[in-house]
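**Q** Build the 3D model from these lines:
(2 chains, ligands or ions: 4)
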Amino acid sequence: MSDSVATEKALPSSAIFRIWRGGNGGGGFVDYNTPISSGMVVLDAVHGIQANDANDMAVRWNCKAGKCGSCSAEINGKPRLMCMTRLNTLDLTVPVTVEPMKTFPHVKDLVTDVSWNYAVKKKIQKFTPRKPDAADGTWRVQQADVDRPQEFRKCIECFLCQDVCHVLRDHNLHDEFIGPRFLIYTAQLEMNPIDAADRIPDLKDSCGIGYCNITKCCTKVCPEEIHITDNAIIPLKERVVDRYFDPIARLFGGGK
Amino acid sequence: MADYPVLEYDVLVVGAGGAGLRAAIEASSTGCKTAVITKSLLGKAHTVMAEGGMAAAMGNVDDRDNWRVHFADTMRGGQYLNNCRMAELHAKEAPARVKELEAWGAIFDRTPDGRILQRNFGGHRYPRLAHVGDRTGLEMIRTLQDHGIHQGIDVYAEHTILNLLMDGTRCVGGFAYDRERGRFKVFHAKAVVLATGGVGRAFQVTSNSWEYTADGQALAFKAGAALLDMEFVQFHPTGMVWPPSVKGILVTEGVRGEGGVLRNKDGKRFMFDDVPENYRSSTADNEEEGWRYTQGDKNSRRPPELLTRDHVARCINREVKAGRGSPHGGVFLDIAWIKEKIPDSVTHIKKKLPSMYHQFKQLADLDITKERMEVGPTTHYIMGGIQVDADTQMSTVAGLFAAGECAAGLHGANRLGGNSLSDLLVFGKRAGEYAAKYAKDHGAGKLTMSQVDEAAKAAVAPFDRGAAGENPFTIQHELQDFMQNLVGIVRIESEMQEALGKIAKLRERAARAGITGNREYNTGWHTALDLDNMLTISEMIALAGIERKESRGGHFRDDYPDKSADWAKYNLRVVQDGNGRPKVEHVTVVPLTDEMKQVIEENK
Ligand SMILES: Cc1cc2nc3c(=O)[nH]c(=O)nc-3n(C[C@H](O)[C@H](O)[C@H](O)COP(=O)(O)OP(=O)(O)OC[C@H]3O[C@@H](n4cnc5c(N)ncnc54)[C@H](O)[C@@H]3O)c2cc1C
Ligand code: SF4
Ligand code: SF4
Ligand code: FES
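**A** Numbers count the residues shown, from 1 in each chain, chains lettered A, B, ... in the order given. Ligands and ions are numbered 1, 2, ... in the order given. As a prediction, the model looks like this:
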């Protein structure tokens, strides 16, 4: 058996982090030269800078293990979790830029106002169970039938997919389009074998699923490796098409 | 008085983890106007990190399981210092609370006949933990969050409660600041539920996040409430030890539940060497039997790796101290070996432990399907906390309730894995229900604005000291450092006394903490404000630790290494003396009823 000592590419003893500082729409990059050591992730470097050079620097985090989705940022321009970005995966001969997500209103330093996401979720029809089918008042459900919704329920609400989606980022269609996170949220409800509600009309109208042109950028940034487009958005689009553009279904008002 | 907004509620819930959300759902479902306050964003509380599962004797996998066995397991795990009434309510009500989650949209892993799947965990006689892979906490918090947002609960995310507001001896609300803008708010409520979680940030090596600064415990104490069992801190046996920046991050017990084994540097399964007397008859005495147990053989006994956490943590500590540890000061945890037993072990491991696989792959460049992990003890959980009434969850202060990790009683001297998530549901619901009832029965109490002014003045003081003051992060780091070394996994009187001296000195320095910048999302300020709570609770842990002169559960003393029959009679309680300082008292353990005695006997 091989030994568990991680073989590390040798790191320099310090590195420069170019961090966005400021609030209320203003601000700019500030360079910090900070000591680094083997195994470190970007969040560690940011914390080191915060503890020693910039006590008032705003940054969100909780788990430090990719489980809570708090520490989202753009590292060298790419939407990523700071706690899961190892320094040995970055080019440290040049400054590492760390910026807040751009799709949401800026609050301060690395923190953005993500409240829009919480408001969007509230608009989606809630989980509505069908009548229990077992004598003990619960449901009998096979594992194979929940594998798919379970994949979507891995979502840690980091909102990186929302950040990267051009419909939101470039076109600012926050009022018309719920974004990839909430398309998989809806997919998870629609594919839950216990749920009985019908969200297909909303998907077409208030959720704006038609705005998605399947660029797959969301899938590429998802730290949970959820197949957002292939497994959720495309099947949902098919359901919408079947309902509204299939003449037979239209005639008989096809249910879920 | 300054003009702070005053927000009126029937029930104010402090904390949006499993306990807080479950309490809020219950309170609001009775028609109470309910607010939830959380320091982080909604859905990010500690509960999200829980991995292994929630314990409930549903008997889906082994129909010999029922509340009586769960009760007996919980009491044995807690070394009989538990509040037995809480252990009874918990064992009886957990199955209904778990099924309720399913009715709210949770999707648990399934048994072949389509029911909720349950897995083995340390100290539980039968497979009992309902789970979703190794991300059960995420499933739980998301379900409660998504259910709660349709119930008309007002959520104040990124708000911190700084003080509880009192009408004489009754709690009538809290004083808060919002982290984003740094503005103060007054919450006036007929009843308050604390669900603020644990204290792990007072230690250096911990699985806990920045949020665990002991706020609820300290706020309750300052409001006059009694705290219980503060000497009992749980050190989880398996945290990551390498690389340094991830030291302390949890490696779920589920790894051992799925057949993972612990070895020292010589490759020896050292856990077989030391099985406590009261577990001997239920523990496998050879490797083969242990393996069969993890694979669901009902006639086999559990491997010694699945003994209670306090014991496993100490055994690891012993191996390391004896020089038989792994290169980075831990021991080896090996799940890859199951390839000898299971044909497609790589897929199997990835399916059963997906987030562990990712965690090691991404943070340590290590493939757990092929290589051994290095693990060592990490500060994980506090059994002690706010003393509550078993049925209603009211603290010793009128109108103030507590549930979840910040409350004490259920777990006694040591918590079994999986018993926390079920605790949150069972007692979160009860706290919400009885807080709502209290609100209806008592109406609104009186706010005293001078309390608010005083709190606000203290809160902004670090700004006045500015850069000339002490760096709050440095103070926090020093506290973590010596608590780890002096009041950690193995304790001794002289070191705990030394810690008390250091706490007193740090308290003086904390009073001089200074910060720069403005009040908007200023983490330095937030850290400065957390210090007092951490120091208050650290002192209590040391005081209670000195007082209990025996070793039991999470509390192990080098100078009193044995369990004592005399100490089995008492819980330790911390209350204010006449000057607001902590005082430790002995209280008699809640006596078992005749029926409980019989249940324990029949499950011996
Ligand atoms: C990595 C890990 C894995 C675990 N795995 C398991 C497991 O498999 N099974 C199990 O049973 N247990 C497990 N546990 C333990 C369990 O997860 C926790 O004990 C439990 O989630 C605590 O829940 P809670 O509701 O009491 O508090 P939390 O979920 O921690 O929530 C506390 C809330 O209080 C808020 N808060 C705190 N202070 C204030 C304040 N001053 N003002 C306003 N808000 C405040 C916080 O912001 C947060 O919202 C695990 C713990 C960890 C760390
Ligand atoms: S695939 Fe659709 S949702 Fe995803 S980023 Fe592209 S447009 Fe947005
Ligand atoms: S789907 Fe993936 S990227 Fe999007 S919020 Fe969830 S975890 Fe983040
Ligand atoms: S801190 Fe939780 S995902 Fe990064």
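
**Q** residues touching the spatially most central residue of chain A, list them.
**A** What sits nearest the mean C-alpha location of chain A, by CA atoms, centre = their mean, is A:Phe159, with 3.3 Å. By CB atoms under 8 Å, 6 or more residues apart in numbering or on different chains, A:Phe159 lies in contact with A:69, A:72, A:101, A:104, A:114, A:117, A:181. Any C-beta I mention is one placed from the backbone N, CA and C, and that applies to glycine too.

**Q** Looking at neighbours, which among those is most surrounded?
**A** With neighbours defined as other CB atoms under 10 Å in any protein chain shown, the most crowded of the contacts of A:Phe159 is A:Ser72; it has 28 neighbours.

**Q** Against ligand 4, how distant is that one?
**A** According to CB to the nearest ligand atom, to the nearest Å, A:Ser72 and ligand 4 sit 8 Å apart.

**Q** Apart from its chain neighbours, what residue comes closest to residue 59?
**A** No chain in the question, so chain A it is. A:Leu110 (4.6 Å; CB to CB, 6 or more residues apart in numbering or on different chains).

**Q** Chain B was what I was after
**A** Using CB to CB, 6+ apart, the closest residue to B:Gly59 is B:Asp65 (4.2 Å).

**Q** Quick check on B:Arg201: phi, psi?
**A** phi -70, psi -10 (degrees, to the nearest 10).

**Q** can you give me the mean pLDDT across the one helix or strand B:Ile537 maps to?
**A** If you go by DSSP states H and E, B:Ile537 is part of helix B:523-547. Per-residue pLDDT values across helix B:523-547 average out to 96.

**Q** any idea whether the residue nearest to B:Thr308 when sequence neighbours are not counted is helix, strand or coil?
**A** Excluding the flanking residues, the one nearest B:Thr308 by CB to CB, 6+ apart is B:Gly123, at 4.8 Å. B:Gly123 falls in the coil class when you classify it by DSSP: H, G, I helix; E, B strand; the rest coil.

**Q** any idea how far B:Tyr279 is from B:Gly123?
**A** 9 Å (CB to CB, to the nearest Å).

**Q** Distance of the residue in chain B positioned nearest to chain A relative to B:Gln362?
**A** For chain B, the residue closest to chain A is B:Pro243, as judged by CB to the nearest CB, at 2.0 Å. From B:Pro243 over to B:Gln362 the distance is 12 Å, taken as CB to CB.

**Q** Also B:Val452?
**A** From B:Val452 to B:Gln362 the distance is 46 Å (CB to CB).

**Q** Can you give me the distance of whichever residue of the stretch 451-600 of chain B sits closest to ligand 4 to B:Thr516?
**A** Using CB to the nearest ligand atom, the point where the stretch 451-600 of chain B gets nearest to ligand 4 is B:Thr523, with a distance of 14.0 Å. As judged by CB to CB, B:Thr523 and B:Thr516 stand 12 Å apart.

**Q** Tell me how many other residues crowd B:Ala436.
**A** Per other CB under 10 Å, the neighbour tally for B:Ala436 reads 24.

**Q** near chain A, anything from the helix or strand containing it?
**A** Assessed by DSSP H and E, B:Ala436 sits inside helix B:419-442. No. Judged by CB under 8 Å from any CB of the partner chain, helix B:419-442 stays clear of chain A, getting no closer than 14.7 Å.

**Q** Neighbours of A:Gln142, how many?
**A** Neighbour tally, A:Gln142, other CB under 10 Å: 13.

**Q** what's residue 180 in contact with, if anything?
**A** Here I'm looking at chain A. Counting by CB under 8 Å, 6+ apart, A:Pro180 has contacts A:161-162, A:165, A:212, A:218, A:228-229, A:233.

**Q** not what I meant, chain B
**A** B:Glu180 neighbours (CB under 8 Å, 6+ apart): A:107-108, A:111, A:113, B:158, B:520-521.

**Q** got the domain boundaries for chain A?
**A** A:2-112, A:115-251 (automatic domain parsing).

**Q** Touching, B:Tyr9 and B:Val186? I think so.
**A** No. Counting by CB atoms under 8 Å, B:Tyr9 stays clear of B:Val186, with 11.0 Å between them.

**Q** which residues do the two both contact?
**A** Joint contacts of B:Tyr9 and B:Val186 (CB under 8 Å, 6+ apart) are B:Gly173.

**Q** What sits closest to B:Trp210 if chain neighbours are left out?
**A** Excluding the flanking residues, the one nearest B:Trp210 by CB to CB, 6+ apart is B:Arg201, at 6.4 Å.

**Q** burial of that neighbour, as a residue count?
**A** Neighbour number of B:Arg201 under other CB under 10 Å is 23.

**Q** So it is in contact with B:Gln480, correct?
**A** Yes. B:Arg201 is in contact with B:Gln480 according to CB under 8 Å; the separation is 7.1 Å.

**Q** for the chain, what are the low-confidence residue spans?
**A** All of this refers to chain A. A:1-9, A:246-256 (pLDDT under 70).

**Q** could you do chain B instead?
**A** B:1-2.

**Q** and the two most separated of the contacts of A:Phe159?
**A** A:Gly69 and A:Phe104 (13.6 Å; CB to CB).

**Q** quick revisit: from the contacts of A:Phe159, which is closest to B:Val587?
**A** A:Gly69 (42.2 Å).

**Q** Pull the contacting residues for the closest one.
**A** A:81, A:155-159, A:223, B:43-44.

**Q** I'd like to know which of those are part of strands.
**A** Of the positions in those, A:Leu81 sit in strands, assigned by DSSP state E.

**Q** What is the distance between the helix holding B:Ala436 and the centre of its chain?
**A** Distance, stretch centre to chain centre, for helix B:419-442: 17 Å (CA atoms, centre = their mean, to the nearest Å).

**Q** and the helix or strand following that helix with ligand 1, contact?
**A** Using DSSP H and E, the helix or strand that follows helix B:419-442 in sequence is helix B:449-465. No. Helix B:449-465 does not reach ligand 1 (CB under 6 Å from any ligand atom); its nearest approach is 12.2 Å.

**Q** contacts for helix B:449-465?
**A** B:1-2, B:4, B:162-163, B:165-166, B:175, B:177, B:184, B:186, B:469, B:472, B:512-515, B:519, B:525, B:528-529.

**Q** and chain A, which of those residues reach it?
**A** Within those, those near chain A by CB under 8 Å from any CB are B:472, B:515, B:525.

**Q** Name the nearest residue to the residue of chain B closest to chain A, ignoring sequence neighbours.
**A** A:Gly39 (2.0 Å).

**Q** likewise B:Gln576?
**A** Nearest one to B:Gln576, counting by CB to CB, 6+ apart, is B:Gly224 at 6.3 Å.

**Q** I am finished for the moment; much appreciated.
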